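**Q** Sequence first, then the predicted structure:
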Amino acid sequence: MLARLNSLTLSGIEGHICEVEVHISGDDTRLLIVGLPDAAIKESCERVRSALINSGFKYPFEQITVNLAPADLKKEGPAFDLSIGVGILSASGAVQLEGLKNEIMVGELALDGRVRPVNGVLSLAMSAKAAGFERMIVPIENAPEAAVVQGIDIFGVGSLTETVGFLSGNLPIEPTYTDIDRLFEIKRKYDIDFEDVKGQETVKRALTIAAAGGHNVMMMGPPGSGKTMLSKRVASILPELSLEESLETTRIYSSVGLLERQQALIATRPFRSPHHSASAPALIGGSAHPRPGELSLAHHGILFLDEFPEFSRTVLETIRQPLEDSQVTIARAQATVTFPADFMLIASANPCPCGYYGSTQKECRCTPAQIEKYLSKLSGPLLDRIDIQIEVPAVDYRALRNKAKGQSSANMREQVNCARKVQNIRFRGDSRRVNAGMSHREIEVFCELEPKSEIMLKSAMKDLSLSARAHDKICKLARTIADLAGSEEIRPEHIGEAVSYRRLDKMF
């Protein structure tokens, strides 16, 4: 006998509809799975057999052939277990299941018949809806995540027996509902705030500008000056995630299994801080079957690279293209996959290997050769892609003991939102466009300078020997500073402040 069911597989972060065909015939007792299955799917033979027997169903000791169509698409993961088990029961006649063509299901089976959660359910549910399915069966732990997708009924099941009961009409199950508005209201809160940072008001100002215009930042200062503490709080002043942005980010985390148990959506901007020993594939993504790396996990959030010069120069050069294109394309022999990577880069570094070059509090013991070697990993093209380069000084005792709270994240976020509204009008309602992403032609249109501002910029270009890219960065920064000030014109003070954020240009 033959049974046909519908399931899905995940490729990168995209879901693909697959048809599961189960045919039972002959005296051979093998369970054969064809259709480009990976090792996890091939191993499902034993999982499905044990799950059927331990759930009280009669297992057909005949030759069982399972075909996963289309046959030219690589299938990965254990998400086919549930559909294979149900297909075997239907094909053998052990249970009468009507209307299987109208259902689509995913789930991993435990040996005792329980249905375990799988990765990427949000993407799978979005693909099921796009294909026209109205009902989807998923593991009960994945149900809140899948129910975020509107227009398709999600039914969570906890076991194979429960699934069969639901499909046969003997066990009614209510569709899972996720209140997205309520979820955002609860989850859109940050546990950290800029008011916890003592002193460093100048750095806070620079980070406000960075958040307002989407500019990348590099902070240089001695150990203990608060670079990491400041970086972790930048996400709290960025505009709140929209539903579209949240779905994009959640899809990425779901595909690699990083969503917390029963978590339906990521409602706050991600903050990723990989160690400086991370490899290039760990940052941009990779493996034989490409999966997202740290750059994609920071999508719509912050990528913080602490100890920036300690990263391998080869690794650092790999992030140049994603910084420009806001996406990562990974080419392998089996497939080419593109992952989104629209993030704000924050890098931090010490001024030398010991960290105290230029410090007035502690003597630097590094030789000029050591300092040059340490900073030589930061190539000019990479630094040119970092708009704001600032020095973070050590905090003195009086500032540390001062009980007065500094500027809060709420106040800084209000400034950022006002500047973003101006940019939203400038870029004709495209909320994803920010000043940092302006092209050279747009700079000529939106960054027209007053005569005095023109003279100041010309002088800075000559004195600091700035590149053409640095010129554009200064214009973009000045535009953001003017937006924060509520000024349509870029004035000399805006140019002056923008030039002050090119610290590394002054060093080299």
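**A** Structure's in. What do you need?
**Q** and the gap between Val315 and Val256?
**A** Using C-beta to C-beta, to the nearest Å, we find Val315 at a distance of 20 Å from Val256. (Glycine included, C-beta is placed from N, CA and C.)
**Q** neighbour count winner among these two?
**A** Val315 (20 against 16; other C-beta atoms under 10 Å).
**Q** Poorly predicted segments of the protein, please.
**A** Within the chain, the stretches with pLDDT under 70 are 99, 287-288, 333-334, 503-508.
**Q** can we see that at 50?
**A** The chain contains residues with pLDDT under 50 at 508.
**Q** residue contacts, the residue nearest the centre of it?
**A** Using C-alpha atoms, centre = their mean, the residue of the chain that lies closest to the mean C-alpha position is Leu297, 2.8 Å off. Leu297 sits next to 252-253, 256, 258, 270, 272 when contact means C-beta atoms under 8 Å, 6 or more residues apart in numbering.
**Q** I'd like to know which elements the helix or strand hosting Arg420 is packed against.
**A** Assigned by DSSP states H and E, Arg420 falls within helix 409-426. Under the contact criterion of 3 or more C-beta pairs under 8 Å, 6 or more residues apart in numbering; DSSP states H and E, helix 409-426 touches helix 201-213, helix 468-484.
**Q** Let me have these in JSON lines, extended by mean neighbour count and distance to Lys373.
**A** What follows is the helices and strands packed on helix 409-426, written out as JSON lines (neighbours: other C-beta atoms under 10 Å; distance: least, C-beta to C-beta, whole Å):
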{"stretch": "helix 201-213", "mean neighbour count": "22", "distance to Lys373": "27"}
{"stretch": "helix 468-484", "mean neighbour count": "23", "distance to Lys373": "24"}
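**Q** closest to Glu448 out of these?
**A** helix 468-484 (9.6 Å; C-beta to C-beta).
**Q** Name the residues that touch that closest one?
**A** Residues outside helix 468-484 that contact it (C-beta under 8 Å, 6+ apart): 208-209, 212-213, 215, 384-385, 387-388, 415, 418-419, 422-423, 435-436, 438, 440, 443, 446-447, 449, 453, 457, 460-461, 464, 466, 488-491, 494-495, 497-499, 501-502, 505.
**Q** and Leu316, backbone torsions?
**A** Dihedral pair for Leu316: phi -60, psi -40, per degrees, to the nearest 10.
**Q** Quick check: closest non-adjacent residue to it.
**A** Leu382 (5.9 Å; C-beta to C-beta, 6 or more residues apart in numbering).
**Q** Check Leu457 too.
**A** That would be Ile495: by C-beta to C-beta, 6+ apart, it lies 5.3 Å from Leu457.
**Q** Run the chain-centre distance for stretch 8-27.
**A** Put simply, stretch 8-27 sits 28 Å off its chain's centre (C-alpha atoms, centre = their mean, to the nearest Å).
**Q** Between the two ends of that stretch, how far is it?
**A** Stretch 8-27 stretches 30 Å from its first residue to its last (C-alpha to C-alpha, to the nearest Å).
**Q** Also stretch 463-471?
**A** The straight-line separation of the ends of stretch 463-471 (C-alpha to C-alpha) is 13 Å.
**Q** Could you find the closest non-adjacent residue to Gly293?
**A** Gly293's closest residue in space is Gly285 (C-beta to C-beta, 6+ apart), at 3.5 Å.
**Q** For Glu307, see how far away that neighbour is.
**A** 22 Å.
**Q** Could you check which of the two is surrounded by more residues?
**A** More neighbours surround Gly285 than the other of Gly285 and Glu307, with 24 against 15 (other C-beta under 10 Å).
**Q** May I have the phi/psi pair for that one?
**A** Main-chain dihedrals, Gly285, degrees, to the nearest 10: phi 100, psi 160.
**Q** which ones are touching it?
**A** The neighbourhood of Gly285, defined by C-beta under 8 Å, 6+ apart, consists of 291-293, 295-296, 328, 330, 337, 339.
**Q** Restricted to buried residues, select these in PyMOL.
**A** The following PyMOL line selects those of those that are buried, judged by 16 or more other C-beta atoms under 10 Å:
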select buried, resi 291+292+293+295+296+328+330+337+339
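**Q** Out of the contacts of Gly285, list just those in strands.
**A** Among these, the ones falling in strands (DSSP state E) are 328, 330, 337, 339.
**Q** got those residues as JSON lines, with distance to Glu108 columns?
**A** Formatted as JSON lines, the ones in strands among the contacts of Gly285 follow (distance: C-beta to C-beta, whole Å):
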{"residue": "Val328", "distance to Glu108": "28"}
{"residue": "Ile330", "distance to Glu108": "26"}
{"residue": "Val337", "distance to Glu108": "23"}
{"residue": "Phe339", "distance to Glu108": "24"}
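**Q** Most widely separated two among those residues?
**A** Longest span within these, C-beta to C-beta: Val328 and Val337, 8.8 Å.
**Q** hmm, back to that, buried ones among the contacts of helix 468-484?
**A** 208-209, 212-213, 215, 384-385, 387-388, 415, 419, 422-423, 435-436, 438, 443, 446-447, 449, 453, 457, 460-461, 466, 490-491, 494-495, 497-499, 501-502, 505.
**Q** Now do the strands in the stretch 301-450 of the chain.
**A** Remark: strands assigned in the stretch 301-450 of the chain by DSSP state E, counting those that start in this stretch are 302-305, 327-331, 336-340, 344-349, 388-391.
**Q** should've said the stretch 51-200 of the chain
**A** Using DSSP E, counting those that start in this stretch, strands in the stretch 51-200 of the chain cover 64-69, 103-105, 108-109, 115-116, 135-139, 153-157.
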